[in-house]
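A.B. asks: Provided below are the primary sequence and the corresponding predicted coordinates.
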Amino acid sequence: MSRNLKIIVSFIVLFVGILIFASEYFKSKKIEVYDYMNELYYNEIVDVEPLEEIDNGSTGTIINLEIGEELVEDTKSKEINNYTYIGYLSIPKINFKKGFTEKDSKYNTVNKNIQILSSSSYPDEEFGNVIIAGHSGNSSVSYFKDLYKLNLDDYIYIDYNNVLYTYKIVDIYTIPKTGKAEIKRNKNKTTLTLITCTKNVKTTQTIYISELVNKE
């Protein structure tokens with residue numbers, strides 16, 4: 001073997017060695033990042049009715065979710081507003097403002113109001129997750145009928161205990177309507193989650209994840 005050929009072979013061997021080393025290094029870093037993301041993010045699987053919390057043994061929480069079909073008829077049984085709201089959810093982009101009651105109120109149901117789930121945090125809980133569900137469609141209780149118009153970076157507000165909480169949408173995704181809704185959020189952020197049926201689709205629900213950016 002000539003000297004030049006030996007040099008070429010040596011460079012090839014060295015280059016392959018570097019590639020193998022770099023591959024193992026980046027693989028280990030990828031695993032570190034994956035582990036970090038698993039630690040940072042966790043899933044909550046929620047359900048609206050019945051309001052029952054179930055521990056699934058994971059880092060998230062399971063709550064029952066049955067928002068039902070998109071409502072298209074007027075609800076005749078809607079009661080007169082003779083109850084007290086503890087806070088208000090507002091979304092200026094779609095001219096939306098609606099109050100919500102205490103979690104244990106008989107009026108805290110998607111068939112009368114927007115519903116704050118029993119496993120939901122209240123807005124003043126640090127790193128908590130306010131989870132609110134509502135019907136879509138065109139009935140008198142289809143309060144979330146225009147959520148489909150929202151996009152990432154749109155703002156949502158909650159007025160609660162004389163404090164205005166400002167949230168920004170960071171994720172929007174749909175899930176199959178199986179009776180359970182998987183909520184993916186950053187556990188190190190104070191968040192607001194809105195859930196409703198996907199517009200004009202009977203088989204999926206849409207999840208809107210927003211994070212707290214200001215309170216005053």
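C.D. replies: Nice, I can see it. Residues are numbered from 1 along each chain as shown.

A.B. asks: rest of the way, CA atoms for contacts and neighbours
C.D. replies: Will do.

A.B. asks: count of neighbours near S140?
C.D. replies: 18 (other CA atoms under 10 Å).

A.B. asks: er, N111 actually
C.D. replies: 19.

A.B. asks: pLDDT wise, what is V72 at?
C.D. replies: Listed pLDDT for V72 reads 44.

A.B. asks: same deal with the one 4 residues further on?
C.D. replies: Looking at K76, its pLDDT is 37.

A.B. asks: Low-confidence ranges, this protein, go.
C.D. replies: Counting by pLDDT under 70, the ranges of the chain that qualify are 1-82.

A.B. asks: Mind giving me the packing neighbours of the longest strand belonging to the chain?
C.D. replies: With secondary structure taken from DSSP state E, the chain has its longest strand at strand 163-176. Helices and strands touching strand 163-176, by 3 or more CA pairs under 8 Å, 6 or more residues apart in numbering; DSSP states H and E, are strand 155-160, strand 204-215.

A.B. asks: Could you pull out the buried residues of stretch 158-177?
C.D. replies: 158-160, 164-172, 174-175, 177 (16 or more other CA atoms under 10 Å).

A.B. asks: What are the contacting residues of that stretch?
C.D. replies: Contacts to stretch 158-177, defined as CA atoms under 8 Å, 6 or more residues apart in numbering, come from residues 86-90, 123, 151-157, 181-182, 191-192, 198, 202-216.

A.B. asks: Only the buried members of the residues you listed: can you turn that into a PyMOL selection?
C.D. replies: Of these, the buried ones go into a single PyMOL selection, burial set by 16+ other CA under 10 Å:
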select buried, resi 87+88+89+90+123+155+156+157+181+182+191+192+198+204+205+206+207+208+209+210+211+212
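
A.B. asks: before we move on, the earlier item: following the longest strand of the chain, which helix or strand comes up?
C.D. replies: strand 181-186 (DSSP states H and E).

A.B. asks: Show me what whichever helix or strand comes after that following strand packs onto, helices and strands only.
C.D. replies: Proceeding N to C from strand 181-186, the next assigned helix or strand is strand 191-197, under DSSP H and E. Contact analysis of strand 191-197 by 3+ CA pairs under 8 Å, 6+ apart lists strand 129-133, strand 204-215 as its packing neighbours.

A.B. asks: Pull up the pairing partners for the last one, direction included.
C.D. replies: Its sheet considered, strand 204-215 pairs with strand 163-176 (antiparallel), strand 191-197 (antiparallel) by DSSP bridges.

A.B. asks: As CSV, these with distance to Y143 would be great.
C.D. replies: What follows is these, written out as CSV (distance: least, CA to CA, whole Å):
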stretch, distance to Y143
strand 163-176, 18
strand 191-197, 9
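
A.B. asks: Can you tell me which of those strands is nearest to I114?
C.D. replies: The minimum distance between I114 and the strands paired with strand 204-215 falls on strand 191-197, with 9.8 Å, by CA to CA.

A.B. asks: Would you mind getting the angle between the closest one and strand 181-186?
C.D. replies: 160 degrees (axes from the mean of the first three to the mean of the last three CA atoms, to 10 degrees).

A.B. asks: Give me the contacts around strand 191-197.
C.D. replies: Taking CA under 8 Å, 6+ apart as the rule, strand 191-197 contacts 67-70, 127-136, 144, 167, 183, 185, 204-212.

A.B. asks: Recalculate using a threshold of 6 Å.
C.D. replies: Strand 191-197 has contacts (CA atoms under 6 Å, 6 or more residues apart in numbering) with 129-136, 205-212.
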